[in-house]
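Student: Can you look at this prediction? I've put the sequence above it.
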Amino acid sequence: MAGGCSLDAVEALADRLPGSRDRIRRRYWRDPAFRAVCDDHRDAREMLDRLEKARPPAPAQVERYRELADELLAEAAGMLAADEPP
């Protein structure tokens with residue numbers, strides 16, 4: 001997937017997990033695996049946005065990227081939850 005600005009990756013995830021915004025920012029810079037998930041989520045959202053505007057529409061691709069973005073969001077949320085104290 002195409003790469004973008006790292007701030008965009010943080011904001012794309014933080015927009016969907018606003019209560020975790022600060023933790024997302026901190027973890028993005030210290031955890032390469034989390035950073036990769038954030039970057040992939042951003043790229044999937046960008047592609048989804050383009051596909052949703054495409055003419056003619058491509059519903060199968062839209063659904064595929066929507067699922068991918070949702071899976072990456074869940075993965076990032078799980079990574080954050082694993083770091084929370086009990």
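Tutor: Received the coordinates, thanks.

Student: tell me the helices in this protein, going along the chain?
Tutor: 6-16, 21-30, 32-53, 59-83 (DSSP state H).

Student: Let me have those helices in a markdown table, extended by mean neighbour count.
Tutor: Yep, even glycine has a C-beta here, placed from its N, CA and C like the rest. Shown next, in a markdown table, are the helices of the chain (neighbours: other Cβ atoms under 10 Å):
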| stretch | mean neighbour count |
| --- | --- |
| helix 6-16 | 18 |
| helix 21-30 | 15 |
| helix 32-53 | 18 |
| helix 59-83 | 15 |
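
Student: Just put those in JSON lines and tack on mean pLDDT.
Tutor: As requested, the helices of the chain are arranged in JSON lines below (pLDDT from 0 to 100):
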{"stretch": "helix 6-16", "mean pLDDT": "87"}
{"stretch": "helix 21-30", "mean pLDDT": "94"}
{"stretch": "helix 32-53", "mean pLDDT": "95"}
{"stretch": "helix 59-83", "mean pLDDT": "95"}
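
Student: Name the nearest residue to Arg16, sequence neighbours excluded.
Tutor: For Arg16, ignoring the flanking residues on the chain, the nearest one in space by Cβ to Cβ, 6 or more residues apart in numbering is Leu73 at 5.6 Å.

Student: Now do the contacts for the one you found.
Tutor: 13, 16-17, 41 (Cβ atoms under 8 Å, 6 or more residues apart in numbering).

Student: can you check Phe34 too?
Tutor: Applying Cβ under 8 Å, 6+ apart, we find Phe34 in contact with 27-28, 76, 79.
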